[in-house]
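Student: Provide a 3D model corresponding to the input given below.
(one chain, ligands or ions: 1)
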Amino acid sequence: MTAHVQVKDDFLLAPLLGKQRAAFLREGPPSAAQRRADLLKLKRGLLARRPVFEAALSKDFGYRSAYETRIMEIIPVIQAVNYLRRNVSKWMRPERRRVALHFLPASARVIYQPLGVVGIVSPWNYPLSLAIMPLLWAIAAGNRVMLKPSELTPATTDVLKAMLRDIFPEEQVGVVTGGPEIGAAFSRLPFDHLVFTGSTNVGRMVMKEAAENLVPVTLELGGKSPALIGPDADLETAAASVAYGKLANAGQTCIAPDYVLVPEKDAAAFVASYDATALELYPDGAADRNYSAILDTAHHARLRGLLEDAEKKGARVLEIGSGDRANPHKLPASVVLNVTDDMAIMQQEIFGPVLPVMTYRTLDEAIAYINRKSHPLALYYFGNSDKDRRKVLTRTHSGNVTINDTLMHYVQNDIPFGGVGMAGMGAYHGIEGFKSLSHAKGVFTQSRWNLGGLLRPPFNRTTDWVIRYLLR
Ligand code: NAD
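Tutor: All right, here's what the predicted structure looks like:
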């Protein structure tokens with residue numbers, strides 16, 4: 001991105017917001033039919049450009065298999081469109097609410113009104129789906145959208161921008177490009193809501209910037225998501241699921257299992273199974289045509305640094321499969337043993353194909369370990385005992401949980417997706433996403449016949465009687 005374009009985009013931010021807000025006020029909330037039609041246009045636009053997106057993603061990453069993009073980015077978006085189109089009319093209906101006996105026959109209801117203009121800031125790791133998914137929920141809720149995708153995936157952004165320009169007028173959906181400076185200027189705009197997906201550090205800045213205008217934020221952040229292998233887990237299934245969740249997109253997934261907690265007695269068997277499955281998934285190791293590259297040299301160097309730091313402090317790094325001489329962007333999968341908390345690998349989100357293996361003796365000890373760290377975005381539990389599952393669910397906090405698999409909660413459209421604590425606030429997906437991008441306006445309609453006069457001056461004995469009744 002050149003400085004010239006950034007300055008130009010910065011200059012255009014406020015006018016674009018002004019245009020969208022004027023159009024929103026002029027045209028009012030879109031009908032259910034309009035929203036469904038807009039969602040369908042997006043679905044068709046995406047399907048028509050599927051190969052172009054797959055190629056752009058691969059270019060941005062220095063290699064990513066078309067299958068991975070199709071399965072991890074395009075299918076979730078298409079499924080979400082279908083889900084939203086099925087549900088949006090029902091969600092838009094006003095909800096009748098109760099009024100207390102002494103207010104009858106008046107009535108109360110909640111109407112879900114679009115907020116107006118929603119800002120969306122998205123990250124590089126799934127640059128298509130993490131830009132489009134919040135957009136889908138914003139459209140379903142009847143909003144207009146300004147989107148700022150990551151500057152680190154310019155080829156994908158070009159296709160995204162061209163697609164959205166073809167489908168929507170700029171006053172309905174506009175794309176702004178640029179890096180952190182534009183991101184900061186963008187987050188200072190007086191949006192009606194801001195959805196940010198990215199790192200916890202930048203999320204903190206975004207919230208500060210949005211606070212200037214009291215703009216409510218949804219923060220979809222990161223963190224260290226544990227995979228807890230329960231005492232009665234099927235080790236092979238658990239290792240296979242963790243390998244799949246860890247190695248998809250070469251670990252560059254916000255909800256990837258970051259590290260694993262495994263009973264001491266099962267550690268060797270777990271590592272052997274993990275190793276075997278990783279090679280089943282990617283027989284050619286890092287050179288495998290289904291194995292993604294690390295986005296850029298800076299991220300590659302950061303991951304190498306984490307491994308070196310761990311080794312220096314006494315960890316054992318086991319590489320799985322061979323490297324890829326032809327593509328220096330690829331980093332082989334690895335397992336890290338003898339891990340301790342003073343290693344950087346246990347202090348920051350890994351975001352790569354590296355799996356630290358921690359061991360524990362009792363489930364309580366494992367739960368206490370998770371609770372000593374900040375709340376993770378996702379938690380994975382493997383095991384079949386109801387008692388243990390209940391314990392883990394009630395005694396740990398995390399954005400979401402998948403039991404006996406990894407990643408899969410993300411593609412359940414009917415449950416909210418979001419973080420808690422340092423992993424974020426608010427959620428989208430499900431009806432929760434619709435509600436968080438709508439204003440739930442409570443409306444009370446007074447009846448011509450009502451008892452309100454009894455509590456207004458001049459007070460008399462009847463007032464005393466009514467007060468006694470209400471204070472009973
Ligand atoms: P990032 O925080 O570096 O950048 C995200 C976006 O913020 C980019 O568009 C960037 O240009 C913009 N930005 C940068 N500085 C800004 C500022 N000062 N003000 C406003 N915007 C600014 O994140 P990333 O490296 O692109 O993505 C990786 C991180 O995102 C990881 O921590 C990962 O866990 C997290 N993530 C979370 C989710 C989720 O759904 N919770 C999904 C994917 C990624």
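
Student: To what extent is the spatially closest residue to A22 that is not a sequence neighbour buried, counted in neighbours?
Tutor: Across the structure, with C-beta to C-beta, 6 or more residues apart in numbering as the measure, the residue nearest A22 apart from its sequence neighbours is E171 (7.7 Å). The C-beta positions use only the backbone N, C-alpha and C, and glycine is treated the same way. Other residues near E171 come to 18 when the count uses other C-beta atoms under 10 Å.

Student: helix, strand or coil for E171?
Tutor: Using DSSP: H, G, I helix; E, B strand; the rest coil, the structure places E171 in coil.

Student: What of the one 10 residues further on?
Tutor: Three-state call for E181 (three-state DSSP): helix.

Student: Show me which residues of the stretch 1-150 of the chain are close to the ligand?
Tutor: By the rule C-beta under 6 Å from any ligand atom, the part of the stretch 1-150 of the chain lying against the ligand is 121-125, 130, 148, 150.

Student: Farthest pair within the residues you listed?
Tutor: With distance counted by C-beta to C-beta, no two of these lie farther apart than N125 and K148, which are 15.6 Å apart.

Student: Might you enumerate the residues of the stretch 151-300 of the chain proximal to the ligand?
Tutor: That would be 151, 179-180, 183-184, 187, 197-199, 202, 205-206, 220-222, 254, which are the residues of the stretch 151-300 of the chain within reach of the ligand (C-beta under 6 Å from any ligand atom).

Student: Now for those residues: which two are most distant?
Tutor: For those, and using C-beta to C-beta, no pair is farther apart than A184 and C254, which are 21.5 Å apart.

Student: Looking only at neighbour counts, state which of the two leads.
Tutor: It is C254, of A184 and C254, that has more neighbours when counted by other C-beta under 10 Å, with 26 against 16.

Student: where's the residue lying closest to the more buried one once chain neighbours are set aside relative to N201, distance?
Tutor: Counting by C-beta to C-beta, 6+ apart, the nearest residue to C254 once its immediate chain neighbours are dropped is G222, at 5.1 Å. Separation of G222 from N201 (C-beta to C-beta, to the nearest Å) stands at 9 Å.

Student: Compare these two and say which is more crowded by neighbours.
Tutor: Just comparing G222 and N201: by other C-beta under 10 Å the higher neighbour count belongs to G222, 27 against 10.

Student: what's S398 in contact with, if anything?
Tutor: For S398, the residues meeting the contact criterion (C-beta atoms under 8 Å, 6 or more residues apart in numbering) are 225, 375-379, 420, 423.

Student: Pick out whichever of the residues you listed sits closest to the ligand.
Tutor: L377 (5.4 Å; C-beta to the nearest ligand atom).

Student: Which residue is the nearest non-sequential neighbour of the closest one?
Tutor: Excluding its sequence neighbours, the residue lying closest to L377 (C-beta to C-beta, 6+ apart) is A423, at 4.0 Å.

Student: Same question for M92.
Tutor: Leaving aside its sequence neighbours, M92 sits nearest to A32 (C-beta to C-beta, 6+ apart; 5.5 Å).

Student: So the one you found sits against R86, correct?
Tutor: No - taking contacts as C-beta atoms under 8 Å, A32 lies outside contact range of R86: 11.5 Å.

Student: The two - which one has more neighbours?
Tutor: A32 (17 against 11).

Student: give the contact list for the spatially most central residue of the chain.
Tutor: In the chain, the residue lying closest to the centroid (C-alpha atoms, centre = their mean) is E220, at 4.8 Å. Residues in contact with E220 (C-beta under 8 Å, 6+ apart) are 130, 195-198, 254, 417-419, 424, 428.

Student: So which of the residues you listed are in strands?
Tutor: Cross-referencing the contacts of E220 with the strands (criterion: DSSP state E) gives 195-197, 417-418, 424, 428 as the overlap.

Student: what about the helices in the stretch 251-400 of the chain?
Tutor: For the stretch 251-400 of the chain, the helices defined by DSSP state H, counting those that start in this stretch occupy 267-281, 297-312, 363-372, 386-395.

Student: Give me whichever of the ones you listed is most buried.
Tutor: Mean neighbour counts were compared across the helices of the stretch 251-400 of the chain using mean count of other C-beta atoms under 10 Å; the top stretch is helix 267-281, at a mean of 18.

Student: other SSEs contacting it?
Tutor: helix 235-247, strand 316-320, strand 333-337, strand 354-360 (3 or more C-beta pairs under 8 Å, 6 or more residues apart in numbering; DSSP states H and E).

Student: can these go into JSON lines with extra columns for mean neighbour count?
Tutor: Converted to JSON lines, the helices and strands packed on helix 267-281 look like this (neighbours: other C-beta atoms under 10 Å):
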{"stretch": "helix 235-247", "mean neighbour count": "22"}
{"stretch": "strand 316-320", "mean neighbour count": "16"}
{"stretch": "strand 333-337", "mean neighbour count": "22"}
{"stretch": "strand 354-360", "mean neighbour count": "23"}
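
Student: For E27, find the nearest of the ones you listed.
Tutor: When the helices and strands packed on helix 267-281 are ranked by proximity to E27, the top entry is helix 235-247, at 43.3 Å, counting by C-beta to C-beta.

Student: what sits against the closest residue to K59 other than its chain neighbours?
Tutor: Counting by C-beta to C-beta, 6+ apart, the nearest residue to K59 once its immediate chain neighbours are dropped is A155, at 4.4 Å. The neighbours of A155, taking C-beta under 8 Å, 6+ apart as the test, are 55-57, 59-60.

Student: Equivalent analysis for A23, please.
Tutor: With contacts taken as C-beta under 8 Å, 6+ apart, A23 has the following neighbours: 144, 171-172.

Student: Give the closest residue to V175 in space, chain neighbours not counted.
Tutor: With sequence-adjacent residues excluded and distances taken as C-beta to C-beta, 6+ apart, V175 is closest to K161, at 4.4 Å.

Student: Mind pulling the model confidence for the residue nearest to C254?
Tutor: The pLDDT attached to G222 in the predicted structure is 93.

Student: what secondary structure does it sit in?
Tutor: When the structure is split into helix, strand and coil by three-state DSSP, G222 lands in coil.

Student: hang on, isn't it packed against A378?
Tutor: No - G222 is not in contact with A378 according to C-beta under 8 Å; the separation is 10.1 Å.

Student: Overlap in contacts, these two.
Tutor: Common contact partners of G222 and A378 (C-beta under 8 Å, 6+ apart): none.

Student: Show me which residues of the stretch 301-450 of the chain are close to the ligand?
Tutor: Close to the ligand, as judged by C-beta under 6 Å from any ligand atom, the stretch 301-450 of the chain has residues 349, 351, 377, 419, 424.

Student: count of residues packed around the third one?
Tutor: Other residues near L377 number 27, with proximity taken as other C-beta under 10 Å.

Student: any idea which helix or strand carries D166?
Tutor: Secondary structure from DSSP states H and E places D166 in helix 154-167.

Student: Measure how far that helix is from the centre of its chain, please.
Tutor: With C-alpha atoms, centre = their mean, to the nearest Å as the basis, helix 154-167 stands 21 Å off its chain's centre.

Student: do the same with stretch 188-207
Tutor: Stretch 188-207 has its C-alpha centroid displaced from the chain centroid by 13 Å (C-alpha atoms, centre = their mean).

Student: where in this structure is pLDDT low?
Tutor: Across the chain, residues meeting the criterion (pLDDT under 70) sit at 1-11.
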